[in-house]
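Visitor: Predicted model and sequence follow; I will ask about them next.
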Amino acid sequence: MICDGISYDKYIKKGINIFLIFGSEIALKNNAKDDIRKQLSLDGFSEKRIVSDDESDKLDQIISENAGGSLFASKILIEISHTRGKISDAIQTIPYIDGIESMDNIAIIIDTHTEKINNRLKWFKAMDEISLIVECKKLKSFEEKIWLKKQLEFIDAADRSKAATKISTLGSGNLVAQQNEVRLLRLLNNGPNLSDALHVKDRAEFVPFELEDMIVKKNVQGALRIIESIKELDSHYAALLVWVVGKIINNSAAAMQSNKPDATLIKMGVWNNKISDYKIFMRSFSIKRMVGFQKAIFELDLSNKGINKANFWERLSDLVLELATN
C-alpha cells in the first residue's frame, strides 16, 4: 500500500508492521517515523534494534533472529537506517523473506535517504503487497498549509490561525524551518498563556532563539549575556536553550558530513541568510569534535531534567564558550 507524507495516519492503525519511508521532504519523513513509532509502541513493540548501513548485509539474519521476539517475550522494532548509496540488495530482498508478513513479534521501519524509487521495480511491487510505503515528496502550497495547521493542533483554535500565518510567512516552502518554529512554540507553550508565547519577542529583554545568531557569529559576550539574562528573568526557558544549542550542533554535524553542505543546511531548516555564517562557524571544528558536542548536549539535557547532579547553567555556559570562542 502506497500513500503520501500527509495521509498515512489512517493506515498506520490497521495492524501493518512493515514500513518503507522515502522522498525528498525530510520534515515529512521525520513526522512519519515519529507517528509510526508511537503507533507501534501502542501496539506493544517495546524494544528497538537499529540497523545501520554497515550492518545491512546481515539484515536477513537480524530479522530471523528477532522474529520470535526477545527473551522477555517483548515485541521488537527493527529500524533500518539507509543513509548512503543505492538501496542495498539486502533491503530489496526483505519482502521475499519467508513468512515476513506474518511475523507478529517484529516490526520493520526502512528509512532511506533515496528521494525517488521506480514503482515498476519488482522488489518495490513486492514491498507494496506486504507493507505501507510512505512517499514524502515536496508539498504544493495548499498541502503545506494543511500540514502546518495539523502540526499546530496543540494550540487553541483562537491562536492557531495567527500562529500558522506567522510561521508560514517566515518559512514558506521550507517545512523543516516551519517544523522548527512549531517545536519552539511547543516549548514556549509550557507556560499558562500561549498568547504571551506568540509575542515573546515583544516583552523579553532577550529571547532564547537569539542565542543561535550569537553562537554562530562567534559573539561570545552576546551569547553569555543572553544566557545570564534568561537565567535571571526567564529560567523556565532552559529547555528551549538546550534545543537551540543542540540545533546548531546537529545542523553543523550534518552539513560537515555532507558533500553538499549548503543544501544540507537548508534541509535542516537553516535560513538562507544564515548559511554563510554557519559555514564560517563550522571551519573552526573537526567532525570528531562536533560529534563530541552532540554528546555534551545530551548530557546537558539530562542535567536540565535533574537526572544528573551537574550544574545546568555552568555546563551550558561552558559549552557555549567552547562553541563561540574556537
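Guide: Ah, there it is. For clarity, every value in this text was computed on a predicted model and none was experimentally measured.
Visitor: what sits against T165?
Guide: Under the criterion of C-beta atoms under 8 Å, 6 or more residues apart in numbering, T165 has no neighbours. Where you see a C-beta, it was placed from the backbone N, CA and C, and this is true even at glycine.
Visitor: That one falls within a helix, correct?
Guide: Yes: per DSSP: H, G, I helix; E, B strand; the rest coil, T165 lies within a helix segment.
Visitor: From D159, how far off is it?
Guide: 11 Å (C-beta to C-beta, to the nearest Å).
Visitor: Check I280 too.
Guide: To D159, I280 is 37 Å away according to C-beta to C-beta.
Visitor: From the neighbour counts alone, determine which of these two ranks first.
Guide: Using other C-beta atoms under 10 Å, the more surrounded residue of I280 and D159 is D159, with 17 against 12.
Visitor: Helix or strand: which one has that one?
Guide: In the assignment (DSSP states H and E), D159 maps to helix 157-171.
Visitor: okay, the angle between the helix or strand following that helix and helix 157-171?
Guide: Remark: after helix 157-171, the chain's next helix or strand is helix 175-188, criterion DSSP H and E. Counting by axes from the mean of the first three to the mean of the last three C-alpha atoms, to 10 degrees, helix 175-188 lies at 140 degrees to helix 157-171.
Visitor: ok, and for helix 175-188, which residues are buried?
Guide: 175-182, 184-188 (16 or more other C-beta atoms under 10 Å).
Visitor: go on, stretch 219-239?
Guide: 222-224, 226-227, 230-231, 234, 237-238.
Visitor: Please identify which of those is nearest to I50.
Guide: A238 (29.3 Å; C-beta to C-beta).
Visitor: From A324, how far out is that closest one?
Guide: 19 Å.
Visitor: Then K33?
Guide: 33 Å.
Visitor: Sketch out the low-pLDDT regions of the stretch 51-200 of the chain for me.
Guide: Filtered on pLDDT under 70, the stretch 51-200 of the chain yields the residue ranges 68-73, 170-172, 187-200.
Visitor: Excluding covalently adjacent residues, which one is nearest to H82?
Guide: Distances taken as C-beta to C-beta, 6 or more residues apart in numbering put T112 closest to H82, at 4.1 Å, once the chain neighbours are dropped.
Visitor: same check, this time on E143
Guide: I6 (6.2 Å).
Visitor: Surely that neighbour is within a strand?
Guide: No: looking at I6 with three-state DSSP, it is coil, so not inside a strand.
Visitor: what sits against the residue lying closest to H113 once chain neighbours are set aside?
Guide: Taking C-beta to C-beta, 6+ apart, and ignoring the residues beside it in sequence, H113 has T83 as its nearest neighbour in space, at 5.3 Å. By C-beta under 8 Å, 6+ apart, the contact list for T83 reads 52-53, 113.
Visitor: try D43
Guide: Counted by C-beta under 8 Å, 6+ apart, D43 has contacts 15, 75, 107.
Visitor: List the buried residues for stretch 55-74?
Guide: 56, 59, 62-63, 66-67, 69.
Visitor: And the average pLDDT for stretch 240-254 is what?
Guide: Averaging pLDDT along stretch 240-254 yields 90.
Visitor: can you give me how far that stretch is from the chain middle?
Guide: Relative to its chain's centre, stretch 240-254 lies at 11 Å (C-alpha atoms, centre = their mean, to the nearest Å).
Visitor: next one: stretch 31-43
Guide: Here the centre of stretch 31-43 is set off from its chain's centre by 14 Å, with C-alpha atoms, centre = their mean.
Visitor: The residue located most distally from the centre of the chain: what secondary structure?
Guide: Distance from the centre of the chain peaks at D98, with 33.3 Å (C-alpha atoms, centre = their mean). Secondary structure state of D98, per three-state DSSP, is coil.
Visitor: secondary structure element for the nearest residue to E322 once chain neighbours are set aside?
Guide: Using C-beta to C-beta, 6+ apart and skipping the chain neighbours, the partner closest in space to E322 is F293 (7.6 Å). Assigned by DSSP H and E, F293 belongs to helix 287-304.
Visitor: any idea of the mean pLDDT in that helix?
Guide: The model assigns helix 287-304 a mean pLDDT of 89.
Visitor: and the angle from the helix or strand following it to helix 287-304?
Guide: Where DSSP H and E defines the elements, the next helix or strand beyond helix 287-304 is helix 312-325. Inter-element angle recorded for helix 312-325 and helix 287-304: 160 degrees (by the same axes, to 10 degrees).
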